[in-house]
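Participant: What follows is a protein structure lacking sequence information:
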Ligand SMILES: Cc1cc2nc3c(=O)[nH]c(=O)nc-3n(C[C@H](O)[C@H](O)[C@H](O)COP(=O)(O)OP(=O)(O)OC[C@H]3O[C@@H](n4cnc5c(N)ncnc54)[C@H](O)[C@@H]3O)c2cc1C
């Protein structure tokens with residue numbers, strides 16, 4: 001394993017660091033104020049202008065192939081960048097990317113959906129989960145029936161992130177079409193534990209032209225798993241960064257907060273919380289970079305990505321809870337980001353494969369000898 005970065009990669013990471021310090025981290029007080037008002041920040045307009053600024057600095061399309069104007073950076077570098085952004089505790093990512101499975105479209109679909117999404121002119125959502133099936137994605141009930149040149153879709157999707165602002169949806173039915181908003185689906189936001197936005201979506205005899213089928217009819221499940229696979233490296237990378245940001249808050253507070261005549265950092269109980277956190281972050285960081293490295297070697301990263309995802313999802317929640325404890329009563333307020341992050345990261349243990357589904361995958365890989373102990 002060689003995580004050694006080239007000079008060019010180090011420079012990119014340095015640019016990300018400078019951009020984050022100058023443009024992203026300073027937004028944190030505004031994020032907290034918006035949180036108290038029950039709003040989400042950065043809002044869409046702020047995100048758009050921030051992404052344009054980043055584009056000028058050369059930070060755009062980091063995971064996008066060069067033929068679409070992207071930088072096509074490898075998974076290790078993308079993971080390091082996600083950690084850097086996560087550390088800011090502000091919800092931001094660079095522009096110029098699109099759902100990886102849109103690259104499976106026809107030339108016409110790419111012009112209509114992929115290119116404008118990369119450019120930030122169109123917004124998609126990924127609609128797989130249904131009221132009666134989440135973990136068992138092979139069991140989706142929504143049907144798409146062919147009528148003449150169209151597919152007619154009936155049924156409901158649920159928990160669909162960003163559906164409220166998407167102008168097209170990648171919908172998984174017994175057949176898998178891409179569905180523009182003006183074709184007639186409706187949606188309603190679901191009140192959630194954090195400011196993450198997800199909706200129910202209803203399809204009432206929505207007609208979708210056959211030319212909107214993404215990939216080959218019958219192959220949708222493979223595409224869905226490909227989409228989810230990417231998240232299983234991005235999520236842990238982001239979580240590692242968020243945990244680092246939380247640890248920094250804990251360190252800063254422990255040094256300045258006094259109790260019984262001295263800084264609480266002097267007490268072993270506090271030191272152990274800080275040390276346990278540093279230990280756990282380090283472990284998960286390397287597990288995540290290893291999964292990314294396996295992907296970069298052109299090997300199947302799923303086993304290692306599942307290990308990284310479940311470890312990171314559990315770790316960052318524990319870290320948030322621990323850093324809240326270091327802050328005492330202050331940690332329980334909305335003035336500082338800890339309780340917000342605690343609520344936000346709890347979903348990492350649920351979406352894109354619950355903890356239990358990750359463990360199921362890991363155990364199966366071992367029991368079926370897809371991966372051998374010691375590999
Ligand atoms: C905020 C948020 C955003 C989301 N965004 C999207 C999105 O954009 N697109 C999308 O399609 N979906 C999205 N989801 C849905 C998400 O992927 C599902 O919630 C998740 O897959 C779990 O499915 P479920 O909620 O139906 O739980 P269920 O599958 O009903 O599971 C309930 C419990 O049973 C456990 N369980 C299930 N099967 C097994 C098993 N075989 N062995 C052991 N335990 C098991 C689960 O781990 C869980 O603890 C989102 C969810 C949330 C909360």
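Facilitator: On my side now, so go ahead. All values reported here derive from a predicted model rather than from experimental measurement. Numbers count the residues shown, from 1 in each chain.
Participant: For the ligand, what is the nearest residue in the protein?
Facilitator: Per Cβ to the nearest ligand atom, residue 134 is where the chain lies closest to the ligand, at 1.9 Å. Using the backbone N, CA and C atoms, a C-beta is placed for each residue, glycine as well.
Participant: Excluding covalently adjacent residues, which one is nearest to that residue?
Facilitator: residue 159 (7.3 Å; Cβ to Cβ, 6 or more residues apart in numbering).
Participant: Which neighbouring elements make contact with the strand or helix carrying that neighbour?
Facilitator: Per DSSP states H and E, residue 159 falls inside strand 150-161. Under the contact criterion of 3 or more Cβ pairs under 8 Å, 6 or more residues apart in numbering; DSSP states H and E, strand 150-161 touches strand 124-127, strand 143-147, strand 168-171, strand 198-209.
Participant: let's go with 7 Å and repeat that
Facilitator: Strand 150-161 is packed against strand 124-127, strand 143-147, strand 198-209, with contacts defined by 3 or more Cβ pairs under 7 Å, 6 or more residues apart in numbering; DSSP states H and E.
Participant: and these, which one is worst for confidence?
Facilitator: Here the lowest mean pLDDT among the helices and strands packed on strand 150-161 goes to strand 143-147, at a mean of 89.
Participant: Tell me which stretches of the chain form helices.
Facilitator: 7-19, 28-37, 44-56, 75-87, 107-109, 115-118, 220-256, 268-296, 302-326, 338-345, 355-367 (DSSP state H).
Participant: Average pLDDT for the fourth one, rounded please.
Facilitator: I take that to be helix 75-87. 97.
Participant: Tell me the helices and strands packed up against it.
Facilitator: For helix 75-87, the packing partners by 3+ Cβ pairs under 7 Å, 6+ apart come out as helix 7-19, helix 220-256, helix 268-296.
Participant: Next, the buried residues of that helix.
Facilitator: Residues of helix 75-87 classed as buried by neighbour count (16 or more other Cβ atoms under 10 Å): 75-87.
Participant: ok, the nearest residue to residue 370 once chain neighbours are set aside - contacts?
Facilitator: Closest residue to residue 370 apart from its sequence neighbours, by Cβ to Cβ, 6+ apart: residue 303 at 6.9 Å. Applying Cβ atoms under 7 Å, 6 or more residues apart in numbering to residue 303 gives the contacts 362, 365, 370, 371.
Participant: Now, of those, which are buried?
Facilitator: For the contacts of residue 303, buried by 16+ other Cβ under 10 Å: 362, 365, 371.
Participant: can you put the residues you listed in a markdown table and add pLDDT and distance to the ligand?
Facilitator: What follows is the buried ones among the contacts of residue 303, written out as a markdown table (pLDDT from 0 to 100; distance: Cβ to the nearest ligand atom, whole Å):
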| residue | pLDDT | distance to the ligand |
| --- | --- | --- |
| 362 | 97 | 12 |
| 365 | 96 | 15 |
| 371 | 95 | 19 |
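Participant: Compute the distance between the closest residue to residue 33 other than its chain neighbours and residue 28, please.
Facilitator: Nearest non-adjacent residue to residue 33, counting by Cβ to Cβ, 6+ apart: residue 41, 7.7 Å away. Using Cβ to Cβ, to the nearest Å, residue 41 is found at 10 Å from residue 28.
Participant: try residue 203
Facilitator: 39 Å.
Participant: what's the answer for residue 142, then?
Facilitator: Taken as Cβ to Cβ, the span from residue 142 to residue 28 is 40 Å.
Participant: repeat for residue 5
Facilitator: 28 Å.
Participant: What of residue 255?
Facilitator: Residue 255 sits 19 Å away from residue 28, taking Cβ to Cβ as the criterion.
Participant: One more: residue 244?
Facilitator: 14 Å.
Participant: Compare these two (neighbour count), which wins?
Facilitator: Shown here are residue 244 and residue 28; by other Cβ atoms under 10 Å, residue 244 has more neighbours (20 against 16).
Participant: could you list every residue that touches the more buried one?
Facilitator: Contacts for residue 244 (Cβ under 7 Å, 6+ apart) come out as 83, 87, 281.
Participant: will you turn those into TSV that also has distance to the ligand?
Facilitator: Output for the contacts of residue 244, formatted as TSV (distance: Cβ to the nearest ligand atom, whole Å):
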residue	distance to the ligand
83	22
87	22
281	24
